[in-house]
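Visitor: What shape does this take:
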Amino acid sequence: MMMKSSYSSYLSILFLFFLLLVDKSLSKSGARFSLTRAVFMPHHPVIGGSQWDQTVETVEQQESAPQPTKQIKGLSKIKDYFSNFGYLPSSGGTFNDDLDQATVSAITTYQRFFNLKITGDLTNETLQQISLPRCGVPDMNFDYDVSKDNVSWPMSRYHRRWFPDRNLTYGFSPASKIPSNATKVFRDAFARWAGSVPGLNLTEMNYNSADLKVGFYNLDEGVEDVVWGESIIRLNASNVVSGEIRLDATKDWKLPGEKGENGTALDLESAAMHHIGHLLGLDHSNDEESVMYPYVLPSRRQKVKLSSSDKENIRLVYSKGHSGNGGSWGVVRIVTTLALGFAYYAVVLA
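Guide: Here you go, the predicted structure:
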């Protein structure tokens, strides 16, 4: 990790020490998504991830400027992170610990996208950003094909209207046993999106026949520490069959008006707004006010109101003549698991 002063190094060490304290103070629960009292029971979500702790412990602080051939033990895990979210091309195998020019470029692109100070090295500010809980959909630079598994992430790099029809349906997974006050959160979110586009209708129907499907799953394949949910599109040839919202059932989800157990809950309404936006055709935004911003920021714990950019983008997607059908498809690799865990510090969602 490249730091520009001993003072910055000191601050970074304090931050890493804080992460370790959080990790040791909170135990990882194997509890499944369970519902009692018609509300979400807290699952004491993992705040520290051992793989990320090991990474930040072993990535030593450096005093000199980054060099293309410099090796930093543990950097391969950070490369995985940037690769999975679209900033670094796949290595075709496992990444090494070389701080090469491609990695410096990935860090720079990441810093530019999220309006961080552009340095090309892993500053304390950059590490804090990647430690935050976030959506599992990549931010950029993915091509698509349906030759494998007929499933893809929602399109990134530009907005894509997946469903040509303006009359769409949604349904809730019976297996998730989502309580009525939680399904109401989603109904309100669907209504809010429908109201943003003239002629767009979103109505509820049974899960199996619905265009947009909502469910909760145990996302426990190495992503549970940082990713709170994901969206996917199922296709047949070049035609969209359905879109799915997949939220992590092991997280502590906060319903409207609740603070959540231990102040660590994630806001369900914000997550609903974000992932509905993906299925309607919106990419991630670097506007911190947007519901499509991929991270949960401590300063913006709840985002359910569409920003000006959200309204403009969704209207663009559903403008006359704009369609997701046709066009060329590239090669897709659907990443069903991120090969690393990331610790994030406790985010209080009041």
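Visitor: And the contacts of stretch 103-113?
Guide: For stretch 103-113, contacts defined as C-beta atoms under 8 Å, 6 or more residues apart in numbering pick out 66, 68, 75, 79, 82, 87-88, 116-122, 126, 130, 139-140, 286. Just so you know, the C-beta spots here come from the backbone N, C-alpha and C atoms, and that holds for glycine as well.
Visitor: could you give me the average pLDDT of that stretch?
Guide: Averaged over stretch 103-113, pLDDT sits at 95.
Visitor: Show me what counts as buried in that stretch.
Guide: Within stretch 103-113, the residues that count as buried by 16 or more other C-beta atoms under 10 Å are Thr103, Val104, Ala106, Ile107, Thr108, Thr109, Tyr110, Gln111, Phe113.
Visitor: mind checking the SS state of Gly257?
Guide: coil (DSSP: H, G, I helix; E, B strand; the rest coil).
Visitor: was I right about Gly243 contacting Ser231?
Guide: Yes - judged on C-beta atoms under 8 Å, Gly243 makes contact with Ser231 at a distance of 6.7 Å.
Visitor: who touches both of the two?
Guide: Common neighbours of Gly243 and Ser231 (C-beta under 8 Å, 6+ apart) are Pro154, His278, Leu279.
Visitor: Next step: these restricted to helices.
Guide: Using DSSP state H, the members of the shared contacts of Gly243 and Ser231 that fall in helices are His278, Leu279.
Visitor: Taking the shared contacts of Gly243 and Ser231, please make a PyMOL selection of just the buried ones.
Guide: Those of these that count as buried under 16+ other C-beta under 10 Å are selected in PyMOL with:
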select buried, resi 154+278+279
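Visitor: want to throw the shared contacts of Gly243 and Ser231 into a markdown table with pLDDT?
Guide: Listed next are those as a markdown table, based on pLDDT from 0 to 100:
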| residue | pLDDT |
| --- | --- |
| Pro154 | 81 |
| His278 | 94 |
| Leu279 | 94 |
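Visitor: Rebuild the shared contacts of Gly243 and Ser231 as a markdown table, extending it with distance to Leu168.
Guide: Shown next, in a markdown table, are the shared contacts of Gly243 and Ser231 (distance: C-beta to C-beta, whole Å):
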| residue | distance to Leu168 |
| --- | --- |
| Pro154 | 14 |
| His278 | 14 |
| Leu279 | 9 |
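Visitor: in stretch 228-237, what's buried?
Guide: So for stretch 228-237, counting by 16+ other C-beta under 10 Å, buried means Trp228, Gly229, Glu230, Ser231, Ile232, Ile233, Leu235.
Visitor: looking at this protein, which helix or strand does the model trust least?
Guide: strand 35-36 (a mean of 34; mean pLDDT, DSSP states H and E).
Visitor: Please name the bridge partners of Asp98.
Guide: Asp98 has these beta-bridge partners by DSSP bridges: Gln71.
Visitor: Looking at the buried residues of stretch 103-113, spot the one nearest Asp248.
Guide: Tyr110 (23.2 Å; C-beta to C-beta).
Visitor: ok so that closest one is a helix residue?
Guide: Yes - when three-state DSSP is applied, Tyr110 is found to be in a helix.
Visitor: any idea how far it lies from Gln71?
Guide: Relative to Gln71, Tyr110 is positioned 21 Å away (criterion: C-beta to C-beta, to the nearest Å).
Visitor: And for Ser90?
Guide: 21 Å.
Visitor: rewinding a little: need the buried residues of stretch 103-113 in CSV (columns: distance to Tyr293).
Guide: Listed next are the buried residues of stretch 103-113 as CSV, based on distance: C-beta to C-beta, whole Å:
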residue, distance to Tyr293
Thr103, 24
Val104, 25
Ala106, 20
Ile107, 20
Thr108, 20
Thr109, 17
Tyr110, 14
Gln111, 16
Phe113, 11
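Visitor: still on that earlier bit, so which of the shared contacts of Gly243 and Ser231 comes closest to Tyr170?
Guide: Nearest to Tyr170 out of the shared contacts of Gly243 and Ser231 is Leu279 (C-beta to C-beta; 8.9 Å).
Visitor: My read is that that closest one contacts Lys213, right?
Guide: No - Leu279 is beyond contact range of Lys213, at 9.2 Å (criterion: C-beta under 8 Å).
Visitor: pretty sure Phe95 is in a helix, no?
Guide: No - per three-state DSSP, Phe95 lies outside any helix segment and is coil.
Visitor: who's in contact with it?
Guide: Leu75, Ser76, Lys79, Asp80, Ser83.
Visitor: neighbour-wise, which of the residues you listed leads?
Guide: Within the contacts of Phe95, Lys79 tops the neighbour count with 25 neighbours, counted by other C-beta atoms under 10 Å.
Visitor: Which residue ranges of the stretch 151-300 of the chain form strands?
Guide: For the stretch 151-300 of the chain, applying DSSP state E, counting those that start in this stretch gives strands covering 151-152, 167-172, 201-204, 212-217, 227-236, 239-248, 253-254, 266-267.
Visitor: So which elements touch the third one?
Guide: For strand 201-204, the contact count by 3 or more C-beta pairs under 8 Å, 6 or more residues apart in numbering; DSSP states H and E identifies strand 167-172, helix 180-194 as packing neighbours.
Visitor: just the first one next, same as before
Guide: With contacts defined as 3+ C-beta pairs under 8 Å, 6+ apart, the secondary structure elements packing on strand 151-152 are strand 227-236.
Visitor: try the fifth one
Guide: Here strand 227-236 is seen to pack against strand 134-135, strand 151-152, strand 239-248, helix 268-280 when contacts are counted using 3+ C-beta pairs under 8 Å, 6+ apart.
Visitor: hmm, who's touching that strand?
Guide: Residues outside strand 227-236 that contact it (C-beta under 8 Å, 6+ apart) are 133-137, 146, 150-154, 162, 219, 240-248, 251, 266, 271, 274-275, 278-279, 296, 334, 338.
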